[in-house]
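> Only the shape, not the letters, is given here:
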Ligand code: LMR
């Protein structure tokens, strides 16, 4: 008899308004592969700050930078399995997932300016691309900038023929493979966390990155030359495990969407400054000589890289390329 009464009392107590058990916080693991002092690193910390503030601590965000939790080729699977809840992979890394269309961002010289990026990501094509992730169990939340890429190597690369035979590290993108082959180089796909060591030991001869990545991974210390080519773009899709995100309480999801919107504005607002400061640090270090290409040299790069568009149209989608270029052209500088 006594046990039954105790149980009934316990149930009644729980039903009492305000007697709810102290709710355990919802934990969001946010994993990424770059250093904390980069646009993506700072954007993830800003999201943590705002998410915990707007949900009044109902959500706790754990940020794991620098491939601490998962490396490039592991993180997407970890997200799909629900082992992490948020990622912000480079747009060049969705091909292995079977979403090839994101590689349109990798086409050399396709973006005339940062303003053009916003026109694409905030326009209908940006939304369409994010929609392609949903059948994979992934919810696209935002686009974050890093910046334009420079080539680096241990020899100066003035003209396409200077690339001949060089082993160049790239992200897992067939468009970037085609880009390096069009320059006469040998593309080597490799996780971001392994690039410094591969450059230092000569496993690869060179690579391409925005200055914020080159500097924070100390690649400039093992690359004698950095060509200020700005031939391509690195940006990110901030993504969530769809089951997790859709399963959140409505009020919490709304608060997290507000935090994400503000963290996105912050990350995109600081990205250019972060890269400018990193480039200044590389110059100050004297470890990697910065090379400005002449207009003739840049024109030669563009000419050598033109065939990549036709070669990759069947992979990325001719319509996707045309829509991208139309929306990018619509940008006022
Ligand atoms: C790379 O792998 O080169 C970059 O995508 C790393 C990053 O996420 O910025």
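That came in fine, so what should we check first? Please read all numbers here as calculations on a predicted model, not as lab measurements. Numbers count the residues shown, from 1 in each chain.

> other SSEs contacting the top helix by length along the chain?
Among the segments of the chain that qualify as a helix by DSSP state H, the longest is helix 250-285. Identification of packing neighbours for helix 250-285 by 3 or more CB pairs under 8 Å, 6 or more residues apart in numbering; DSSP states H and E yields helix 39-54, strand 59-64, helix 114-121, strand 138-153, helix 211-216, strand 225-241, strand 289-291. Using the backbone N, CA and C atoms, a C-beta is placed for each residue, glycine as well.

> So which of the ones you listed is the most surrounded?
Of all those, helix 211-216 has the most neighbours on average by mean count of other CB atoms under 10 Å, namely a mean of 26.

> now for that one, which elements pack on it?
Helix 211-216 packs on strand 138-153, strand 225-241, helix 250-285, going by 3+ CB pairs under 8 Å, 6+ apart.

> Does the ligand have contacts with the second one?
Yes - counting by CB under 6 Å from any ligand atom, the ligand is contacted by strand 225-241 at residue 234.

> what does the longest one give?
No - contact between helix 250-285 and the ligand, assessed by CB under 6 Å from any ligand atom, is absent, since the two come no nearer than 11.0 Å.

> any idea of the mean pLDDT for that helix?
Confidence for helix 250-285, expressed as mean pLDDT, is 98.

> where does this structure have low pLDDT?
Filtered on pLDDT under 70, the chain yields the residue ranges 1-22, 331-333.

> Near the ligand, which residues of it? Just list them.
Counting by CB under 6 Å from any ligand atom, the chain sits next to the ligand at 33-34, 90, 146, 171, 192, 209, 213, 234.

> number of nearby residues for the closest residue to residue 73 other than its chain neighbours?
With sequence-adjacent residues excluded and distances taken as CB to CB, 6 or more residues apart in numbering, residue 73 is closest to residue 191, at 5.8 Å. Counted by other CB atoms under 10 Å, the residues lying close to residue 191 total 18.

> what do you get for residue 30?
23.

> Next: residue 297.
The burial count for residue 297: 18, using other CB under 10 Å.

> Save the helices and strands packed on helix 211-216 as JSON lines, and put in distance to residue 81 too.
As requested, these are exported to JSON lines (distance: least, CB to CB, whole Å):
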{"stretch": "strand 138-153", "distance to residue 81": "12"}
{"stretch": "strand 225-241", "distance to residue 81": "8"}
{"stretch": "helix 250-285", "distance to residue 81": "21"}
